[in-house]
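Undergrad: Prediction below, plus the sequence it came from.
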Amino acid sequence: MEQLWLVVSIVVSLAAFAVAAYFYAWVKKLPSANEKIDKIGLLIREGAFTFIKREYKTLLYFCGAAALLILLFLPGPIWASTNVWKNIGMTLAYLFGTALSGTAGVVGISIATIANVKSASAAKEGIAPSFMAGFRGGAVMGMAVVASSLIGAAILYLITGEHSIIMAFSFGASSLALFAKAGGGIFTKTADIAADLAGKVELGIPEDDPRNPAVIADNVGDNVGDVAGMGADLFDSNVASIAAALVIGSALGRVDLVFCFGSLGLLASIVGVLLSRIGKNGDPGRALNRGTYVTCGIFALLTLAATLISGFPLQIWGASMLGMVAGVVIGITSEFFTGDDKKPVAMVAKACQSGPAFTILSGFSYGLWSTLPSMAGIGLAALFSYHLCAPLGGNYAMLGIAMAALGMLSVVGMIISNDAYGPIVDNARGLAEMGHLGDDVLEITDKLDSAGNTSKAITKGFAIGAAGLTVIALLGAFIENVEAAGGSVNLNLMNPLVFFGVLVGAAVPAIFSAMLILGVDRNAQVMVAEIHRQFKEIPGLAEGKEGVVPEYGKCIDIAAKGAIRELIPAGLASIVITFVVGLIGGVNAVGGYLAGNIVSGLLLALLMSNAGGLWDNAKKFVEAGNFGGKGSDAHKAAVIGDTVGDPFKDTAGPSINTQITVVSLVSSLAAGLFVSASLIK
């Protein structure tokens, strides 16, 4: 059965690649509205690829150093090892993970910078063609990312049969995703904040006015942050959930379960994206949600049939369903707190009439409220899946939690498709304005963009929730690795070592977030100054004189240089602190550290993701003509709220779930080192 499901995983992955290729060709063949849009689209594409090349070149040095350390020290010192090939295998698996994670980002940018032009152009024909161009563009990434993660894990396990190799593969994906998401997030929010503050608030010009020197950098940022960064992030989440389940499942001889549910989840996503449609006057938000729910239903039926036919324990199927339901709960919660047709957005928009302070206070408070349902959903999924599978004996209880995480990520192909749709239609809206396609087209792209903002909040919630369940399973994997190395873990909070670890672990996501947000703050200030310089020194720019074009490249360069400078310190600090805690307090301190990191990280990630999405849609609610509309005092306050929310939802928030995954993987891989080399035993 194990061999069968490994082969099925490879076959389904190849089918997903075929669907991605079909969608890519379909989108590329769509017509463009005019030469001006093509020219602007090319500027965005070139800017995105220029940044990604510079970012990956910088990360190449980090990955090379990490690979050398893995070769020398993992799973044990190479000079004392009886099996040198295991060190070599883990190193190669790590590099394979980084390569596939990086490829996910390149694939995303490649299609997104084509689909944005096609979606804007298709809006001239109506909302349905424009939606399909944006969604199918996003689905290219959804299919390619999940297929890459599944086929990579299946091939490595088929060749080696070693779960430690898959852990190294996952660490490669996670470490690159951490830096890619941080770098892309800093780039995109540097440009977005500068463009909004200098353009909308100070100069009173429209969001995507071509006179604004930061407008192209803003559109480039959507691709490098929301597309490439999130693609690498969800690639990492999917691989980490597979790795956690494999570590626990291999000890029970149930690797077949992992690849069965993983392959059927991808198959359900393939069917889901092929069936996704929207009517002539359809609601894009409902279409995105309907596609997700249909995919969940298909997955439930497919896995139930496989469970009954293959004789798998029915409790395992139940655990995966609990995870999937928890994901839906998180999605519904995110939609309630961020949807532009829901009460919280309307209430924050109303508060904008009283000024920026009330905008911030109300949005932040609703963001805090939003954390309880999601965190309770994650906790209940872990609790019920644990007790559901505990009667099976052995370590099936922890496998239940791992399968719940896999269940939550079962429809990740559809989730990524929805997520990538967001920045594509956001770019399309900007292109429609810069290409002067008319108010009717702008109205359509605004509707698509609003649905994209909500779908991004929902998909971020899924990713955060899945990371929460996955790292709980990785905590179990850490304990297993410690015991395999001859140690033991006691997570009694009265143990001073455990309490020390909890406190440090809880502080790390806060420090990590602060470093990223300060990076955005510093870069945005530099870019605002550059925008002021250009409006002052370039004759005719402020007046929109025919033939006068701003120096777009200067703003792109500021965002790129700043992001490259800021992306390494925050991620590296998280990894270094993990080793410091382990080498001081040993495995008990690390166990507490992981627990504190998980709880604090989930809270902050959910708060920032939902509050940021809420502020964004509150701004759009005002721009739609409510509470004074564009140019009013309420609008200026809403824009300020949105600029605060930008680094919350697109830089720090979504990067935290990768951060907690990375430190969990580092702890598991270095468990043997912490057993033997800690200062305090």
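TA: That came through, no problem.
Undergrad: give me the low-pLDDT residue ranges for this structure?
TA: The chain contains residues with pLDDT under 70 at 453-454, 456-458, 460-461.
Undergrad: can you tell me which residues contact the residue nearest the centre of it?
TA: Note on the chain: the residue nearest the mean C-alpha position is M230, at 3.6 Å, using Cα atoms, centre = their mean. M230 makes contact with G108, K181, I416, D419, A420, T459, A463, P654 under the criterion Cβ atoms under 8 Å, 6 or more residues apart in numbering. For the C-beta atoms, the positions are set from N, CA and C on the backbone; glycine is no exception.
Undergrad: tell me which element it falls in.
TA: helix 230-251 (DSSP states H and E).
Undergrad: Now for G631, how many residues are close by?
TA: Using other Cβ atoms under 10 Å, G631 is surrounded by 11 other residues.
Undergrad: Just confirm it contacts P206, I think it does.
TA: No. Taking contacts as Cβ atoms under 8 Å, G631 lies outside contact range of P206: 10.1 Å.
Undergrad: which of the contacts of M230 lies closest to P129?
TA: Closest approach between the contacts of M230 and P129, by Cβ to Cβ: A420, at 18.1 Å.
Undergrad: Going by length in residues, pull out the top helix of this protein.
TA: In the chain, taking DSSP state H as the definition, the longest helix is helix 552-623.
Undergrad: Give me the helices and strands touching the next helix-or-strand element following that one, please.
TA: Downstream of helix 552-623, the next assigned helix or strand under DSSP H and E is helix 633-647. Secondary-structure packing of helix 633-647 (3 or more Cβ pairs under 8 Å, 6 or more residues apart in numbering; DSSP states H and E): helix 163-195, helix 343-351, helix 356-389, helix 496-537, helix 552-623.
Undergrad: hmm, back to that, which positions within the helix or strand following the helix holding M230 qualify as buried?
TA: Sequence-wise, the next helix or strand downstream of helix 230-251 (DSSP H and E) is helix 255-275. Neighbour-count burial for helix 255-275 flags 255-273 (criterion: 16 or more other Cβ atoms under 10 Å).
Undergrad: what about A397, neighbour count?
TA: Around A397 there are 20 residues (other Cβ under 10 Å).
Undergrad: and the nearest residue to it once chain neighbours are set aside, how far is that from L594?
TA: Leaving aside its sequence neighbours, A397 sits nearest to A390 (Cβ to Cβ, 6 or more residues apart in numbering; 4.0 Å). A390 sits 22 Å away from L594, going by Cβ to Cβ, to the nearest Å.
Undergrad: Who has more neighbours out of these two?
TA: L594 (27 against 15).
Undergrad: Sticking with the closest residue to that one other than its chain neighbours, tell me its helix or strand.
TA: Spatial nearest neighbour of L594, excluding adjacent residues (Cβ to Cβ, 6+ apart): L475 at 5.3 Å. Per DSSP H and E: L475 is located in helix 439-484.
Undergrad: Let me know the outermost residue of the chain.
TA: Outermost residue of the chain (Cα atoms, centre = their mean): P539, 41.8 Å.
Undergrad: which residues touch that one?
TA: So P539 contacts K545, V548 (Cβ under 8 Å, 6+ apart).
Undergrad: Tell me the spacing between the residue nearest to the centre of the chain and S455.
TA: 12 Å.
Undergrad: what's the answer for V146, then?
TA: From V146 to S455 the distance is 17 Å (Cβ to Cβ).
Undergrad: before we move on, what about L516?
TA: 23 Å.
Undergrad: ok, those two, which is more surrounded?
TA: For L516 versus S455, the count of surrounding residues by other Cβ under 10 Å is larger for S455: 32 against 28.
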